[in-house]
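Visitor: need a 3D model of the sequence below.
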Amino acid sequence: MKRDPRDASAAEPDGGNLHVRIQGGPGRGNRPGLLNSEAAAIVKLHGVDKVFHRGDEEIHVLGGLDLEILAGDFLALMGPSGSGKSTLLNLIGGLDRPTQGRIDVAGQRIDDLSERNLAAWRARHVGLVFQFYNLMPVLTAERNVELPLLLTHLNARERRRHVDLALEVVGLTHRKSHYPRMLSGGEQQRVGIARAIVSDPTLLLCDEPTGDLDRKSGDEVLDLLAALNRDHGKTVVMVTHDPRAAARAARTLHMDSGRLVEAEA
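Guide: Residues are numbered from 1 along each chain as shown. The predicted structure is shown next:
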């Protein structure tokens, strides 16, 4: 079978050498979560356009977007519905491809990877947190958290160690044998966060992580995301409509009609 030439630049998955570093943040910059001159850009977008087609109609969602996100940043993306913020999150996470432009994440150009290598790259570098949790109802909390590790070469004992650590970080060790229906909304979201961090990803991408939660549960989830950024050096990008949620981030970018229109330190 002829090899896709795009495979040559892509890294193979390194599932057998997974190291959960969520106990600390060495090498993450002077102050994890805050921008500083020594931090390296972990995400670079240059001239990114995204066009969707609906029949003969072209829908321009992003236009000529340039963006850099530094390692250890906690970035909130805000804007009205249809402004392009979730599309931008999907492009950063390799869930979609730009119509035009270049995207580099963690030292890898991802917009021209083959589908196979893009999937392998996502498994190694991206942790996703969804608004509606996306848990498997027939699996316990610990089995839901384990799912990303099934794509690696870790054995059962190693997977269990990673899962136990991730559940400890989110404060749900005592609920690991419970099914999603037995958990509150806030607990389900914390299981989702444990699943997102269990493979120690480069980026934690959160799409309206508090959008389906009451204020108290939402604050608990935001406290956890802030702690992962501040204490464990995780780079967090969060889409939100809620100014209270955005206030937890180190900085906020506002989007309108596919363009960045305002930035706040």
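Visitor: tell me which stretches of the stretch 151-265 of the chain form helices.
Guide: Counting by DSSP state H, counting those that start in this stretch, the stretch 151-265 of the chain has helices at residues 156-169, 185-197, 215-230, 243-246.
Visitor: which residues touch the nearest residue to residue 242 once chain neighbours are set aside?
Guide: Nearest non-adjacent residue to residue 242, counting by CB to CB, 6 or more residues apart in numbering: residue 210, 6.3 Å away. Every residue, glycine included, has its C-beta placed from N, CA and C. Residue 210 is in contact with 189, 217-218, 221-222, 240, 242, 245, counting by CB atoms under 8 Å, 6 or more residues apart in numbering.
Visitor: distance of residue 210 relative to residue 190?
Guide: According to CB to CB, to the nearest Å, residue 210 and residue 190 sit 12 Å apart.
Visitor: ditto for residue 76
Guide: Relative to residue 190, and taking CB to CB, residue 76 is found at 20 Å.
Visitor: with pLDDT, neighbour count and distance to residue 140 as new columns, can the contacts of residue 210 be given to me in TSV?
Guide: As requested, these are arranged in TSV below (pLDDT from 0 to 100; neighbours: other CB atoms under 10 Å; distance: CB to CB, whole Å):
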residue	pLDDT	neighbour count	distance to residue 140
189	97	29	16
217	95	18	20
218	95	21	24
221	96	23	20
222	96	23	26
240	95	26	29
242	92	18	30
245	95	24	29
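Visitor: and of those residues, the nearest to residue 180?
Guide: residue 189 (10.7 Å; CB to CB).
Visitor: return the residues in contact with the nearest residue to that closest one once chain neighbours are set aside.
Guide: Nearest residue to residue 189, sequence neighbours excluded (CB to CB, 6+ apart): residue 221, at 5.2 Å. Going by CB under 8 Å, 6+ apart, residue 221 touches 186, 189-190, 193, 209-210, 213.
Visitor: out of the helices of the stretch 151-265 of the chain, which one sits most buried?
Guide: Sort the helices of the stretch 151-265 of the chain by mean neighbour count, taking mean count of other CB atoms under 10 Å, and helix 185-197 sits at the top with a mean of 24.
Visitor: contacts for it next, please.
Guide: Taking CB under 8 Å, 6+ apart as the rule, helix 185-197 contacts 20, 22, 127-130, 133-135, 141, 144-145, 147-148, 163, 166-167, 169-172, 175, 180, 183, 204, 209-210, 212-214, 216-218, 220-221, 224-225, 228, 234.
Visitor: what distance do you get for the residue nearest to residue 220 when sequence neighbours are not counted to residue 214?
Guide: In space, and not counting its chain neighbours, residue 220 is closest to residue 186: 5.5 Å by CB to CB, 6+ apart. Going from residue 186 to residue 214 by CB to CB gives 8 Å.
Visitor: and residue 180, by the same measure?
Guide: To residue 214, residue 180 is 17 Å away according to CB to CB.
Visitor: quick one: which of those two has more around it?
Guide: Neighbour totals were compared for residue 180 and residue 214, and residue 180 leads with 19 against 11 (other CB atoms under 10 Å).
Visitor: now the nearest residue to the more buried one once chain neighbours are set aside: which helix or strand?
Guide: In this structure, residue 180 finds its nearest non-sequential neighbour in residue 135, 4.5 Å apart by CB to CB, 6+ apart. Under the criterion DSSP states H and E, no helix or strand holds residue 135.
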